[in-house]
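Enquirer: Predicted model and sequence below, questions to follow.
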Amino acid sequence: MMGIYARYMDQWERKLATRDTNRVVRPFEWGTDWLNSLEFPSCPADANGKAAECVSRFVTESLADSDRFFSYEPVRDYRLEGNRLTFTSPVRTRYPENNTAHALWFPAPNDKGRVVIVLPQWNSGPDGHVGLAKLLNRCGISALRMTMAYHAERKPAETARADYHVSSNVGRTIHAGRQSAVDVRACVDWLATMGYNSRVGVLGTSLGSCVAFMAAAHDSRIRMGIFNHVSMHFADVVWTGLSTQNVSKAFSGHVTQEELRRYWSVISPASYLKRFQGRDLKTLLIWASHDSTFLPVYSRQVLDSFRDLDLPHKVFNLPCGHYTTGQFPFNLLDGLVMCRFAVANL
């Protein structure tokens, strides 16, 4: 049974989660055409009625050579106008708006060569985590706040939310996860041209945490990772989370949670934990005791895995839920904990 505080948190979470009325249940799609666009021969555009087998082969190939999966051609058109950085995403899509990556640059005076790439949560707007970037500035750390695929300025006109990053289209969700992670690596390239070569970190919240994890696992130039809300498997969050009920409904009768965990393993932290072995990656894992989206049982799996693999890390537990992390006083506590870690470890 829930205690008084747990019931209060649950009610607060559900109230915040139901504020948005523009969630839609989209049809289930395998999306093999999106995997074909990544030029893996195991997944032709026409799956000939064997879409599940096609996606499974694609995942096997991608996990066997994840360096290739997250590889990209260098960006050649970085443009900094005021504090807005734009560039053509190395991963192309059929949506022109999404093909231009956006980031906001917040240089800190006397930053001593320290910079953090900041990735907000799913469905964040153009101002998402701008306050956190400015807080990092006050701590003497520069920040580059990146917009993930299909969010804010990158959102196709046909969508009201960032549905195309996390949806019931299996292949497109894989493609979007890769695109956002590759865009982070392209941001690291740009920062290198600005003189940031050895003290680069990533900070991601919720979906941003997963993207930051994939980027950090495949780019040794990233020396610090702050993962704000954690889960081992992408599919577990989507299947069980309060904020993704409209997505999970579409899977009924098509795939099970276990099957989806397999298909989306290529964009899941669980697949890349061992890549942190032997690296001096300063890591902070943040989880919330009353999280309605990244359920605590899945967050604890991450903590257990870090301990089992003997990966250096720090842990901070927030006494709130997922949506309530963005509410006072938890947002202030969360921000201060992250900034303090960045100051001490970057």
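Expert: That came through fine.

Enquirer: is it true that H102 lies in a strand?
Expert: Yes - when classified by DSSP: H, G, I helix; E, B strand; the rest coil, H102 is found to be part of a strand.

Enquirer: Show me what the helix or strand bottoming out on mean pLDDT in the chain packs onto, helices and strands only.
Expert: Here the helix or strand of the chain ranked lowest by mean pLDDT, DSSP states H and E is helix 32-36, holding a mean of 88. Counting contacts by 3 or more Cβ pairs under 8 Å, 6 or more residues apart in numbering; DSSP states H and E, helix 32-36 is packed against helix 51-64, helix 170-193. For glycine as for every other residue, the C-beta is placed from the backbone atoms N, C-alpha and C.

Enquirer: if we compare those helices, which one ends up closest to G82?
Expert: helix 170-193 (15.4 Å; Cβ to Cβ).

Enquirer: Give the next helix or strand downstream of the closest one.
Expert: Using DSSP states H and E, the next helix or strand after helix 170-193 towards the C-terminus is strand 200-205.

Enquirer: what angle sits between that next one and helix 170-193?
Expert: 140 degrees (axes from the mean of the first three to the mean of the last three Cα atoms, to 10 degrees).

Enquirer: about what we covered before: which of the helices and strands packed on helix 32-36 has the highest mean neighbour count?
Expert: Counting by mean count of other Cβ atoms under 10 Å, helix 170-193 has the highest mean neighbour count of the helices and strands packed on helix 32-36, with a mean of 23.

Enquirer: What are the boundaries of the strands in the stretch 1-150 of the chain?
Expert: Applying DSSP state E, counting those that start in this stretch to the stretch 1-150 of the chain gives strands spanning 79-81, 84-88, 100-106, 115-119, 142-146.

Enquirer: out of those strands, nearest to Y164?
Expert: strand 100-106 (15.1 Å).

Enquirer: what angle sits between the closest one and strand 142-146?
Expert: Going by the same axes, to 10 degrees, strand 100-106 makes 160 degrees with strand 142-146.

Enquirer: Now render the helices and strands packed on helix 32-36 as JSON lines, adding distance to I141 and mean pLDDT.
Expert: Formatted as JSON lines, those follow (distance: least, Cβ to Cβ, whole Å; pLDDT from 0 to 100):
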{"stretch": "helix 51-64", "distance to I141": "34", "mean pLDDT": "93"}
{"stretch": "helix 170-193", "distance to I141": "12", "mean pLDDT": "98"}
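
Enquirer: Relative to R14, which of these is closest?
Expert: Nearest of the helices and strands packed on helix 32-36 (Cβ to Cβ): helix 170-193, 25.1 Å.

Enquirer: Could I get the full set of helices for the stretch 151-300 of the chain?
Expert: Along the stretch 151-300 of the chain, counting by DSSP state H, counting those that start in this stretch, helices occupy 170-193, 207-217, 234-240, 245-248, 257-263, 296-308.

Enquirer: Now distance to D77 too, for these, in TSV please.
Expert: Shown next, in TSV, are the helices of the stretch 151-300 of the chain (distance: least, Cβ to Cβ, whole Å):
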stretch	distance to D77
helix 170-193	11
helix 207-217	21
helix 234-240	31
helix 245-248	34
helix 257-263	34
helix 296-308	37
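
Enquirer: Which helix or strand contains D310?
Expert: Short version, using DSSP H and E: D310 is in no helix or strand.

Enquirer: ok, and which of the strands of the stretch 1-150 of the chain has the densest surroundings?
Expert: Stretch with highest mean neighbour count among the strands of the stretch 1-150 of the chain: strand 115-119 (a mean of 29; mean count of other Cβ under 10 Å).

Enquirer: Give the other helices and strands that that one contacts.
Expert: helix 130-138, strand 142-146, helix 170-193, strand 200-205, helix 207-217.

Enquirer: so how far is the third one off the chain centroid?
Expert: Going by Cα atoms, centre = their mean, to the nearest Å, the spacing between the C-alpha centre of helix 170-193 and its chain's C-alpha centre is 10 Å.

Enquirer: Stretch 232-244 too?
Expert: Using Cα atoms, centre = their mean, the offset of stretch 232-244 from its chain centre is 13 Å.

Enquirer: quick one: contacts of it?
Expert: 13-14, 17, 122, 166, 177, 210, 231, 247-248, 251, 257, 260-261, 263-265, 267-270, 292-295, 298, 301-302, 305, 322-323 (Cβ atoms under 8 Å, 6 or more residues apart in numbering).

Enquirer: Need the mean per-residue confidence for that stretch.
Expert: Taken as a whole, stretch 232-244 has a mean pLDDT of 96.

Enquirer: now the end-to-end length of that stretch.
Expert: One end of stretch 232-244 to the other measures 17 Å (Cα to Cα, to the nearest Å).

Enquirer: Could I get the buried residue list for stretch 317-327?
Expert: L318, C320, G321, H322, Y323, T324, T325, G326 (16 or more other Cβ atoms under 10 Å).

Enquirer: Quick one: residues in contact with that stretch.
Expert: Outside stretch 317-327, the residues touching it (Cβ under 8 Å, 6+ apart) are 9-10, 12-13, 16-17, 121, 205-206, 228-229, 241-243, 286-294, 330-331, 333-334.
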